[in-house]
Structures are given as C-alpha cells and as structure tokens.
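**Student:** Requesting a structural model of the entry that follows:
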Amino acid sequence: MNFVAALGAWTMAQLRGWGHAGLFVGELLAALPAALRRFGLVVTQIYAIGNRSLVIITASGLAVGFVLALQMYYALVTYGATESLGLIVNLSLVRELGPVVAALLFAGRAGTSLTAEIGLMKAGEQLSAMELMAIDPKSRVLAPRLLGGVVAMPLLAALFSAVGILGAWVVAVKLIGVDAGNFWSIMQTQVDVWRDVGNGLVKAAVFGVICTVVALYQGYETEATPEGVAYATTRTVVISSLWILGSDFILTALMFSTP
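**Tutor:** All right, here's what the predicted structure looks like:
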C-alpha cells in the first residue's frame, strides 16, 4: 500500500508539473504579439542567441564534415561506390546531423545562457519589479527570447550543414582525390530542396522552439538561489536533449516515411 500511495503521489506531482508547464507555454504564446511590436528586442535576442553561437556551430560543423567524409569513403570504397560520397554526406547533414547536432549545441550554449540569465533576473527580483510596475515579464523578457531562438536555430542548422559539406569536400576532393565534378553534380541531381533541405529546416525550427521554451521555463521557475540557478541550467541541457532526440524520431518518421 505504501508503494501504491507513493506511486500515486508521484503521478499527481508529474501531472501538476505538466499542467503548470502547459499554462506557462500558453501564456508565452499569448505574449508573442506584444513582443512583435517591440521588434528591436527580438533583433537583439537573435544577435545574442545566434551570432554568439557561430563559433561552436562552425567549428563543430567543419569537424563533423571531416569525419563523415572519411568514414563514408572507407565504407563506400569497399563496394566501389565512392561516386555516391557527396550524396550521402549531403543527405546525412541536411536531413539529420545538421538539425540534431546543431540543436544539441544550441541547448548547451544558448539554452543554458537563457536559463541562467532569467534565473539571475528572478534572483535579483528584476522580474518582480516589472510586475510591480505593471509590466508583464513574459511579453517584455521571455517572448522576445523565444522569437529570437526560433529564428536563430534554423539559420544555425543551415550554417552547420553548409560548413559540414564544405569540410567533406576538402577531405574527399583535396585529400583523398575524389572527382570534384562528381562530388557536386550528384548533390544537384539527387537532393531535393523541399523534401530534404526544407524538412531539415523544419526540424531545426521545431528544435528551436523546444530548446528555447525549456530554457525559459527552467529559468522562470527556478528557485531564486545560486544552487537553484545551477540546477536549472543542468535541467535545461538534459531535458532539451531528451526532447530533441525523441522528437527527431517522430519528425523523421512523419517526413521521410513515404517516398
């Protein structure tokens, strides 16, 4: 009976948490029109979230392109199919690795930054001061950051894929000796802009919403203590990563299940 009671209490606590998070997301979405009227704040957040993530995104994209070209070449050369190297690298990056790896990096860099920023604002009672002045913190602070994350994430994923393809070209053509014309031409003929590249960008946009909402919620609901802020930043990375990986499977099944 004690086990049943504990299980019931845990279930009720989880349901209350999910309900509270759902209300938070609803209030955040309702605040988006007010944030759009302050478009300068949105632009500032796009710069803060996107531009400051460029170094980690470009460096990681280049490294992934290098390694992917090497691994795919070693696998394809056994079957004499090295002419497909450019196609496999391109599809791997634009469909899967670009959106997913960029989103995980985004959660680790920008997500933790947003959580810490909002958590410190709460600890310093800046959010409470806004409420006393009849300013809604969700429309003034949180909503512009949500829009900034949603806009920045697809751009970062596209940059990750582009740099990764460039890195694969350097390894495949310049180091290994794959024919450059074949490397590029097979991409042009076999990669569909809307089905492959477009779906990859849609994935990235969904991941941007997930990462940003999780980061803002953890920062807004954290305890106003140094330990609470530190715990919230850790939860942001863990929860965002799990949601990204889970939603990636669902989106892939929906987007690419039919020819």
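**Student:** going forward, measure contacts between C-alpha atoms and count neighbours the same way
**Tutor:** OK.
**Student:** Now do the buried residues in stretch 117-128.
**Tutor:** Glu117, Ile118, Gly119, Leu120, Met121, Lys122, Ala123, Leu127, Ser128 (16 or more other CA atoms under 10 Å).
**Student:** any chance of these in TSV, plus pLDDT?
**Tutor:** Output for the buried residues of stretch 117-128, formatted as TSV (pLDDT from 0 to 100):
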residue	pLDDT
Glu117	89
Ile118	90
Gly119	87
Leu120	86
Met121	86
Lys122	84
Ala123	81
Leu127	82
Ser128	81
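**Student:** List the ones among those that fall in helices.
**Tutor:** Taking DSSP state H, the ones among the buried residues of stretch 117-128 that sit in helices are Glu117, Ile118, Gly119, Leu120, Met121, Lys122, Ala123, Leu127, Ser128.
**Student:** which ones are touching the second one?
**Tutor:** Taking CA atoms under 8 Å, 6 or more residues apart in numbering, we find Ile118 in contact with Leu216, Gly219, Tyr220.
**Student:** So the last one sits against Glu117, correct?
**Tutor:** No - no contact is recorded between Tyr220 and Glu117 when judged using CA atoms under 8 Å, the distance being 9.6 Å.
**Student:** I'd like the next helix or strand past the helix or strand hosting Pro144.
**Tutor:** For Pro144, the host element (DSSP states H and E) is helix 143-169. Sequence order places helix 180-190 as the next helix or strand after helix 143-169, per DSSP H and E.
**Student:** other SSEs contacting that following helix?
**Tutor:** helix 85-91 (3 or more CA pairs under 8 Å, 6 or more residues apart in numbering; DSSP states H and E).
**Student:** Which strands and helices lie in contact with the helix it packs on?
**Tutor:** Looks like helix 85-91 contacts helix 54-76, helix 143-169, helix 180-190 (3+ CA pairs under 8 Å, 6+ apart).
**Student:** So which of the ones you listed is nearest Asn199?
**Tutor:** Closest approach to Asn199 among the helices and strands packed on helix 85-91 is made by helix 143-169 (10.8 Å; CA to CA).
**Student:** For Thr115, give me its contacts.
**Tutor:** Contact partners of Thr115, counting by CA under 8 Å, 6+ apart, are Ala215, Leu216, Tyr217, Gln218, Gly219, Tyr220, Val229, Ala232, Thr233, Thr236.
**Student:** nearest spatial neighbour of the residue nearest the centre of the chain, skipping sequence neighbours?
**Tutor:** The residue lying closest to the centre of the chain (CA atoms, centre = their mean) is Ala103, at 2.6 Å. Computed as CA to CA, 6 or more residues apart in numbering, the closest residue to Ala103 that is not its neighbour in sequence is Phe207, at 6.1 Å.
**Student:** My read is that the residue nearest to the centre of the chain contacts Ile244, right?
**Tutor:** Yes - Ala103 is within contact range of Ile244, at 7.4 Å (criterion: CA under 8 Å).
**Student:** Find the residues that touch each one of those two.
**Tutor:** In contact with both Ala103 and Ile244: Phe207, using CA under 8 Å, 6+ apart.
**Student:** Using neighbour counts, pick out the buried residues of the longest helix seen in the chain.
**Tutor:** If each helix of the chain is counted by residues according to DSSP H, the longest one is helix 226-256. For helix 226-256, burial by neighbour count (16+ other CA under 10 Å) applies to 228-233, 235-237, 239-241, 244, 247-248, 251, 255.
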